[in-house]
Structure formats: structure tokens, C-alpha cells
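Engineer: Got a sequence here, can you model it:
(one chain, ligands or ions: 1)
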Amino acid sequence: MALKITVIGTGYLGATHAAAMAELGFEVLGLDVVPDKIEMLQRGEVPMYEPGLEELLRKHVAGIEGASGRLRFTMDPAEAADFGDVHFICVNTPQKHGEYACDMSYVDSALESLAKHLTRPALVVGKSTVPVGSADRLAARLTELAPAGDQVELAWNPEFLREGFAVKDTLHPDRIVVGVRSEHAERVLREVYATPIAEGSPFVVTDFPTSELVKTSANSFLATKISFINAMAEVCEAAGGDVVKLAEALGHDDRIGKKFLRAGIGFGGGCLPKDIRAFMARAGELGADQALTFLREIDSINMRRRGQMVEMAREALGGGPFLGKRVAVLGATFKPDSDDVRDSPALNVAGQIHLQGGQVTVYDPKGMANARRIFPTLGYADTAMEAVRGADVVLHLTEWREFRELDPAELASVATTPLILDGRNALDPEAWRAAGWTYRAMGRPTA
Ligand code: UDX
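Structural biologist: Okay, the predicted model is just below:
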């Protein structure tokens, strides 16, 4: 009998995981506590923008014409417990208010509400990003609460998906990491991931703490890479170098590699910033805080970039206050191909300039609704052209393809001053300059 799978939490991670499991051929039941989300998903609609996800849902959600019907949703944990052989916990673990540590309350309550209904053998698999040591604690809690007792087991299986590539990353993962305590748990997870394993995805089997650490250390490494190149950008600015050329040259060393070396206004989003902070907090609890003090520097280099972008804009406008200056901002999301504005460097810069009296007009291809919700007092335009109309300066802050494909000559005809600052080092300086723009970018005083 094929395994039946439940997915608890239907955000970016859970909705994608549920649809991907249905695509792999399993019967899947998604569980969430938010009625609006469940209703949308039941209609085959995705509560956020993620390329390819809506198509995948519509291909499988029961009740949609032509769908496989393998994917259903519910709000009832008892139904989920009764249905599933394998239960994936995919709820979020945000930063705690006023602290660096991670808020485990959603994970705890997801596990507890499921556990008390588990009357038959099951494998509960944590996917959420958690502080090391959590799986150990949750395993004990699971055995204690589940009526089926030690017939119910926990495993940890961190998720590495990137927003914007979530579907691809889930169906074709670059590695599958499982923290397990028994051969049975490993066997079940090999069955769940049989298709990607057969396609060649490496399957790494380890213990609980290591599996939890893989995720937080991977994100720390990525954050370090970005802050490293941004630190080099600061030095380039001081020394008159060009960080884009520098990164290109460094990247040819395949021990370093060229990915994640794009200097600019730095990283944001719902993962990297809070994950490195939670990692520092946890290391402190374990008495290993010294090992991670460098992450404090990574975080501050990153946060400094936002302020430096604001100063670069001020300088470009003549050095005075922003009062009365019209500033066009291209980009609101923390990265392209997403509608996510959580801890977005772009929106942070737009907000700072606005709060200092600038008249800011933002345009983003997908992030407008979310940006408006968290920053309703900024100006918003329906197109890049409209945002740029009358602008004294244009800031390019999220590297959407749409912005690379803009016609600089057309935009120059509507801007008050053709002055563009590239906060992502993603535009073609020559094309913009040829169209009459003054082009400046972070870390490239001489470019
Ligand atoms: C990240 C990890 O990549 C993923 O493996 C993990 O599961 C979740 O966290 P994500 O948050 O989707 O994924 O974003 P990512 O693609 O890593 O980008 C993070 C931020 O870094 C973005 O704001 C992006 O603009 C910025 N970035 C990325 C740079 O500033 N320079 C770069 O060279 C690369």
C-alpha cells in the first residue's frame, strides 16, 4: 500500500511540499488552522506568488476538473492523524519579538494537536527550521502524548527550498537530509523520496542534531558569502575599486565559486536574517556562543548596506535632506520572483527615505499588495514608468528581470533627472549611460 502523507502548515513550505508529494504520486492531506488559507487552497489558489505552484496545485486538488484528486485540505487534526502514515510539520518558526531566539510555538502546537490523535503507527517528520536540540525534545513529547506511544516516531528532514524556485527545489532537491533514530524511519523516508533519489539526489542519513544543524549552518554560510562580498564592496568604495569585477575574478576560483557573490543592499526575507540570529541565540544557550560571534558581524555588515544605500541616494541628490525630493523605487520584495516583503532591504530603504521626508513612489511586479499592507504610507505606482515619472532619482532595489528589460531611453524621457542608483548591481551600466542616465552602483565608484 502506498504511503499516505499529511502536511501540517500550508505556507510557502507546506503548500509547496503538499503539492510536490501529490505530484510524486502520494495521496496527500494538507492541514492548517487558518480557514481562509484552506478555502483558497481547496479552490486551487495559492495564498502567495510562487512560480509554478498554482499549476501544480490545480493539477492535483480534489474537486478541480481534470485534477488527479490526490490532494485535499482540512482543518481537523483528528482527520489528519487518522489519514496519514507520514506527517510532515511545515509550520514557520519566526524570530521571537524583542529577542534573537526562534519562536517555536507553532511547531509545538502543530505537534501537540496532531500527537493526541495518533492512535496508529506513524512517522512524524519535522521540516521547519528549528534550533538544534528541538527534535530531541519533540520526540519525547510525541511519545508522551500519542495514544499509540512508541509506535509513533519522529524524524527530522530540513527543507532547503528557495523562494521563487520552491517547486523545482522540492521536486528535484540538491540533497535530502534526514535525521533518524531507527532503520524503519530511514526506510519510510527513502520510500517518500524514492523518485528524487532515483534521479540522483544525494540522501544523507544522520542523527537529530546534525540534521538540524545542516539547515542553520547552510543559511549561515550563504549569509556569510553575501556579507563577505558586501564588505569587499565597502572597501572598493573606499579604495576606488569595482566589486563586480572583483567578484567575477574571485568566482573563477572554483573553491570560491561565483554564486551568492552579488554585492548590493544585502539579504532579507523570512529565512536568512532570522536563522542566523536564532543560531547565535541557540549557540549561546549551549555555551558555544564564541563559535558564532562572527555571525553578529555578518548581520551588521548586512544591515549597514541599507543605510549606505540611503546615504548614496542623499549624496546623489546633492547631500541635503530628502524633503521634497521625488524618489522612484524599483522593487519592494526581498528578492525577485516572489511577493514576499518580509524584512525586505528594498522596502526598508524606501521606508527610511520616506520617513526622512522624501516623496517615495514604489513599483514592484508582484509585491505591491504585501508592501501596501505593511507600509501603507508610501506612494505606489502601477508600472515602472509611472513610478519614474517626475523622479529626481531612481533606485533599483530588487533584481527583477522586468527591470533589466526596461528601456532606459523611454524612462529617461519621463524622469526629471536621469539619475539611477543600482542597489543590486544587476543593470547594464553601459546601456543606461548610453541613454543619457547617470548610473551609479554600490561598490563600483569607478565602473
Ligand atoms: C534561503 C536559502 O537560500 C534557502 O536554501 C533556505 O531554504 C531559505 O533561505 P530564500 O530566503 O528564498 O532562501 O532566499 P535566497 O535566494 O537565499 O536570497 C536571500 C537574500 O539574499 C535575498 O534578499 C537576495 O536578494 C540576497 N542575495 C542573494 C544577495 O544580496 N546577493 C547574492 O549574491 C545572492
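Engineer: Stretch 256-273 and the ligand, are they touching?
Structural biologist: Yes: Stretch 256-273 is in contact with the ligand by CB under 6 Å from any ligand atom, via 260, 261, 262, 264, 266, 267, 268, 269, 271, 272. Yep, even glycine has a C-beta here, placed from its N, CA and C like the rest.
Engineer: Hmm, residue 223 and the last one touching each other?
Structural biologist: Yes: with the criterion set as CB atoms under 8 Å, residue 272 and residue 223 qualify as a contacting pair; they are 4.8 Å apart.
Engineer: most surrounded residue in the residues of stretch 256-273 next to the ligand?
Structural biologist: Neighbour tally across those (other CB atoms under 10 Å): the maximum, 29 neighbours, falls on residue 266.
Engineer: Can I take it that it is in a helix?
Structural biologist: No: in this structure, residue 266 is coil, not part of a helix, as judged by DSSP: H, G, I helix; E, B strand; the rest coil.
Engineer: Looks like it contacts residue 231 (just checking).
Structural biologist: No: Residue 266 lies out of contact with residue 231 (CB under 8 Å); the separation is 10.7 Å.
Engineer: Between the two, which contacts overlap?
Structural biologist: Residues touching both residue 266 and residue 231 (CB atoms under 8 Å, 6 or more residues apart in numbering): residue 301.
Engineer: Does residue 111 touch residue 144 like I think?
Structural biologist: No: counting by CB under 8 Å, residue 111 stays clear of residue 144, with 10.9 Å between them.
Engineer: So between the two, which is more surrounded?
Structural biologist: residue 111 (26 against 10).
Engineer: Report the contact partners of the more buried one.
Structural biologist: With the criterion set at CB under 8 Å, 6+ apart, residue 111 makes contact with 89, 124, 138, 141, 142.
Engineer: on contacts alone, who are the packing partners of the lengthiest helix in the chain?
Structural biologist: Longest helix in the chain, counting residues (DSSP state H): helix 208-239. Helix 208-239 sits against helix 134-145, strand 152-156, strand 176-179, helix 243-251, helix 272-285, helix 293-316, with contacts defined as 3 or more CB pairs under 8 Å, 6 or more residues apart in numbering; DSSP states H and E.
Engineer: starting at the chain centroid, how far to stretch 375-387?
Structural biologist: Distance, stretch centre to chain centre, for stretch 375-387: 24 Å (CA atoms, centre = their mean, to the nearest Å).
Engineer: Out of the residues of stretch 256-273 next to the ligand, which two sit at the greatest distance?
Structural biologist: The span of the residues of stretch 256-273 next to the ligand, defined through CB to CB, is set by 261 and 271 at 18.9 Å.
Engineer: How about the residues of the protein by the ligand?
Structural biologist: Residues of the chain lying close to the ligand by CB under 6 Å from any ligand atom are 160-163, 219, 222, 226, 260-262, 264, 266-269, 271-272, 334-335.
Engineer: hmm, 5 Å instead?
Structural biologist: For the chain, the contact set with the ligand under CB under 5 Å from any ligand atom comprises 160, 162, 163, 226, 260, 262, 267, 268, 269, 271, 334, 335.
Engineer: Between those, which sits nearest residue 419?
Structural biologist: Closest to residue 419 out of these is residue 262 (22.2 Å), distances taken as CB to CB.
Engineer: mind showing which ranges of this protein have poor pLDDT?
Structural biologist: By pLDDT under 70, the weakly predicted segments of the chain are 447.
Engineer: and it, what are its domains?
Structural biologist: Domain assignment of the chain by automatic domain parsing yields the ranges 4-206, 208-447.
Engineer: on that earlier part again, deepest of the helices and strands packed on helix 208-239, which one?
Structural biologist: Of all these, strand 152-156 has the most neighbours on average by mean count of other CB atoms under 10 Å, namely a mean of 25.
Engineer: CA-only coordinates of the following helix or strand past it in PDB, if you can.
Structural biologist: Remark: after strand 152-156, the chain's next helix or strand is helix 166-171, criterion DSSP states H and E. What follows is helix 166-171, C-alpha atoms only, in PDB (Å, rounded to 0.1, in the frame of the first residue of the first chain):
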ATOM      1  CA  ALA A 166      10.300  26.300  -4.400                       C
ATOM      2  CA  VAL A 167       8.600  23.800  -6.800                       C
ATOM      3  CA  LYS A 168      11.800  22.900  -8.600                       C
ATOM      4  CA  ASP A 169      13.800  22.700  -5.300                       C
ATOM      5  CA  THR A 170      11.100  20.400  -3.800                       C
ATOM      6  CA  LEU A 171      10.700  18.100  -6.700                       C
END
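Engineer: mind listing the strands for the stretch 51-200 of the chain?
Structural biologist: Ranges of strands within the stretch 51-200 of the chain are 71-74, 86-89, 122-126, 152-156, 176-179, based on DSSP state E, counting those that start in this stretch.
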